[in-house]
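A.B. asks: Just to be clear, the model below is a prediction. Sequence and coordinates:
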Amino acid sequence: MSELNPKTKFIFITGGVVSSLGKGLASASLASILQCRGFKVRLRKLDPYLNVDPGTMSPFQHGEVFVTDDGTEADLDLGHYERFSGVAAKRSDSTTTGKIYQRVIDKERHGDYLGSTIQVIPHVTNEIKNFIVSDLEDEDFVLCEIGGTVGDIEGQPYLEAIRQLAYDLGRERTMFLHLTLLPYIPTAGELKTKPTQHSVKKLQEYGIQPDMLLCRSQMPIPENERKKIALFCNIKESNVIQALDVSNIYQVPLAYSKEGMDKAVCDYFNLHCPDADLSRWEKIVETVKAPEGEVKIAVVGKYVKLLEAYKSLSEALNHGGIANKYKVRIKWIDAEDLETGDADSILSDVSGILVPGGFGSRGTAGKIAAVKYAREHKIPFLGICFGMQMAVIETMRNVLGVQNANTTELDEKCEAVVGLMTEWDKDGAKQIRHKDGDLGGTMRLGAYEAVLKPGSKVAEVYGSEHISERHRHRYEVNIKYKDQLEKGGMIISGTSPDGKLPEIVERPDHPWFIGVQFHPELKSKPFAPHPLFVEFVKASIKQNRLV
Ligand code: GLN
């Protein structure tokens, strides 16, 4: 730990009472208001589940998989962190029990433990501690969120590790923040503090005394209840912060600061600094509260029953709306509904159509129907990853008459306009994949550069001909169909720098029709909305089919 900058302080964020309290958003918001006081922050997530990463989990189980520039498949909370702090997350900001154990077992096999019996304490906990303190620079604060809820069996080594770290580093450099819920019981007409008390007791059993409580609540916490929580939980009253429900997420940093959270953190660490300059958030909230109009955009996907699966996407659409001073109303459409229902009745009221990323065959015919509708009715269209692949297949089938055009992901014997990538270039080194290889972590992942065609719509959108975007895919449009696609009115307007991998397609005969092989939604931020979303929303506003 000697290489740690002595000024760096650690805030450990745990959750209690119930899951889904928005710990990720709370962590991101705290980081942001500390930034607004001029501090440098970093955010990290420790997930106690046994998967090595969420890349192999169903979106229905885990929500979206967030991808970093350096190609890590990580928890969607890293998306909140990036969007709120603007700090690009790295491989070293996300871990899981699977990753931690993999390292411990690799070391054991390598003989690094010199004959010791390998145990949770100290070997696993040391690995967790190493993760927390590694790859840091001169951050003022490192916020470490522990996934799950206090009391989970999987979470215990993490609580033990942060308890030890607080001892190693000293309490003057570490803070424990616990997020809880005060449920409102209508029959009693009261907010209840008992679950919070129990949750804190549970933490104390692990040797952790929280320094601050963030209490989610539907209504203001009465003074006497706050006093009670402080007394029973052994916490300064000013460190019992109420977190009331707000109508949009951009209000959270403002609400926390108003409740004195950043001040309480500074007081705790004895830091003297100016008040937070929250103007960036105030401006966003103002725009969101008083939009100049509304635009309805359809998202035609497979996982629409769990919107967490499209977290970055819906955020990026909101950012595009904010940039245009419009509210984007997303019409979530289950792609399968377009297979049984009539496209006209489902899509006639939307001004833009987006087909997002996806995997597997279910709903593909519906996605292709959505592309066809957008193409024929000249509705602004954005296809992302699988959505772009579907757009290419749609042109092949419906414009060029190649009925068996498909992706080998769905049909091995098709006219393989989209096929498995077996070789590509990454930073000058060849990446090789095989059909029967491992699924985990083996896609084309992370930031890759692309070169855009001068004069194309997409070059105009970016205002540049060289871009870098994040990828997460195994299949790719085959460049050999370039001329054929052009005959069908679709041009390849962006490729990998070596010209081998199509990255972007567009239709010059259409007001706004772009498909991208990468995930622009992962880089969009409220303060730096992604140009593709800004322009897609703008084109949709122009379309104005609001009924
Ligand atoms: N399933 C497709 C592929 O692997 C698309 C992936 C995605 O949309 N993220 O290429």
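C.D. replies: Yes, it's here.
A.B. asks: Only C-alpha atoms from now on, for both contacts and neighbour counts.
C.D. replies: Fine.
A.B. asks: Run through who's touching stretch 30-44.
C.D. replies: Residues from elsewhere that reach stretch 30-44 (Cα atoms under 8 Å, 6 or more residues apart in numbering): 27-28, 78, 81, 84-85, 87, 89, 93-94, 132, 138-145, 253-254, 256-257, 261-262, 273-278.
A.B. asks: Same question for stretch 93-100.
C.D. replies: For stretch 93-100, contacts defined as Cα under 8 Å, 6+ apart pick out 43-53, 74-75, 78, 124, 127-128, 131.
A.B. asks: Please apply the same query to stretch 171-179.
C.D. replies: Contact partners of stretch 171-179, identified using Cα under 8 Å, 6+ apart, comprise 8-16, 21, 23, 166, 208-216, 269.
A.B. asks: How about the residues of this protein by the ligand?
C.D. replies: Counting by Cα under 6 Å from any ligand atom, the residues of the chain close to the ligand are 357-359, 385-386, 472-476.
A.B. asks: so of these, which ones are in helices?
C.D. replies: Using DSSP state H, the members of the residues of the chain next to the ligand that fall within helices are Phe386.
A.B. asks: Where do the helices of the stretch 101-250 of the chain begin and end?
C.D. replies: In the stretch 101-250 of the chain, the helices defined using DSSP state H, counting those that start in this stretch lie at 125-133, 156-169, 194-205, 223-233.
A.B. asks: for the nearest residue to Met421 once chain neighbours are set aside, which residues make a bridge with it?
C.D. replies: Nearest-residue entry for Met421: Tyr475, 5.4 Å, with adjacent residues in sequence omitted and distances by Cα to Cα, 6 or more residues apart in numbering. With DSSP bridges applied, Tyr475 shows beta-bridge pairing to Leu420.
A.B. asks: From Ser468, how far out is Tyr475?
C.D. replies: 19 Å (Cα to Cα, to the nearest Å).
A.B. asks: more neighbours, the two?
C.D. replies: Ranked by neighbour count (other Cα atoms under 10 Å), Tyr475 and Ser468 place Tyr475 first, with 20 against 15.
A.B. asks: What's the per-residue pLDDT of the more buried one here?
C.D. replies: Looking at Tyr475, its pLDDT is 95.
A.B. asks: Verify the contact between it and Trp424 for me.
C.D. replies: No - using Cα atoms under 8 Å, Tyr475 is not in contact with Trp424, being 11.5 Å away.
A.B. asks: can you list the helices of the stretch 101-250 of the chain in TSV and add mean neighbour count?
C.D. replies: Below are those laid out as TSV (neighbours: other Cα atoms under 10 Å):
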stretch	mean neighbour count
helix 125-133	19
helix 156-169	19
helix 194-205	18
helix 223-233	16
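A.B. asks: any chance of these in a markdown table, plus mean pLDDT?
C.D. replies: Output for the helices of the stretch 101-250 of the chain, formatted as a markdown table (pLDDT from 0 to 100):
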| stretch | mean pLDDT |
| --- | --- |
| helix 125-133 | 97 |
| helix 156-169 | 97 |
| helix 194-205 | 96 |
| helix 223-233 | 95 |
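A.B. asks: now do the same end-to-end measure for stretch 189-197.
C.D. replies: Separation of the first and last residues of stretch 189-197 by Cα to Cα is 19 Å.
A.B. asks: which stretches of the stretch 301-450 of the chain form strands?
C.D. replies: For the stretch 301-450 of the chain, the strands defined by DSSP state E, counting those that start in this stretch cover 326-334, 352-355, 381-384, 405-407, 415-420, 423-426, 429-432, 444-452.
A.B. asks: ugh, typo on my part, it should be the stretch 1-150 of the chain
C.D. replies: Using DSSP E, counting those that start in this stretch, strands in the stretch 1-150 of the chain cover 9-15, 41-47, 66-67, 73-74, 94-96, 141-146.
A.B. asks: For these, please prepare TSV with the additional fields mean pLDDT and mean neighbour count.
C.D. replies: Converted to TSV, those look like this (pLDDT from 0 to 100; neighbours: other Cα atoms under 10 Å):
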stretch	mean pLDDT	mean neighbour count
strand 9-15	97	24
strand 41-47	97	24
strand 66-67	96	27
strand 73-74	94	26
strand 94-96	96	24
strand 141-146	98	23
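A.B. asks: so can I have CSV of these showing distance to Lys378?
C.D. replies: As requested, these are exported to CSV (distance: least, Cα to Cα, whole Å):
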stretch, distance to Lys378
strand 9-15, 48
strand 41-47, 43
strand 66-67, 32
strand 73-74, 35
strand 94-96, 42
strand 141-146, 45
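A.B. asks: Low-confidence stretches in this structure?
C.D. replies: The chain contains residues with pLDDT under 70 at 1-2, 545-547.
A.B. asks: Residue nearest the middle of it, spatially speaking?
C.D. replies: Gly79 (2.9 Å; Cα atoms, centre = their mean).
A.B. asks: quick one: the closest residue in space to it that isn't next to it in sequence and His519, what's the gap?
C.D. replies: Using Cα to Cα, 6+ apart and skipping residues adjacent in sequence, the residue nearest Gly79 is Phe66, 6.2 Å away. Per Cα to Cα, Phe66 is found 10 Å from His519.
A.B. asks: Then Ser32?
C.D. replies: With the distance defined as Cα to Cα, Ser32 ends up 24 Å from His519.
A.B. asks: cool, and Val417?
C.D. replies: Applying Cα to Cα to Val417 and His519 gives a distance of 20 Å.
A.B. asks: could you pull out the helices for the stretch 401-547 of the chain?
C.D. replies: 457-462, 482-487, 531-543.
A.B. asks: quick one, which of those helices is packed in tightest?
C.D. replies: Highest mean neighbour count among the helices of the stretch 401-547 of the chain (mean count of other Cα atoms under 10 Å): helix 531-543, with a mean of 22.
A.B. asks: packing partners for it?
C.D. replies: Contact analysis of helix 531-543 by 3 or more Cα pairs under 8 Å, 6 or more residues apart in numbering; DSSP states H and E lists strand 293-301, helix 311-323, strand 352-355, helix 457-462 as its packing neighbours.
A.B. asks: and among these, the most buried is which?
C.D. replies: Ranked by mean neighbour count, the helices and strands packed on helix 531-543 are led by strand 352-355 with a mean of 28 (mean count of other Cα under 10 Å).
A.B. asks: Any chance you could list what contacts that strand?
C.D. replies: With contact meaning Cα under 8 Å, 6+ apart, strand 352-355 is reached by 296-301, 367, 370-371, 374, 379-384, 386-388, 536-537, 539-540, 543.
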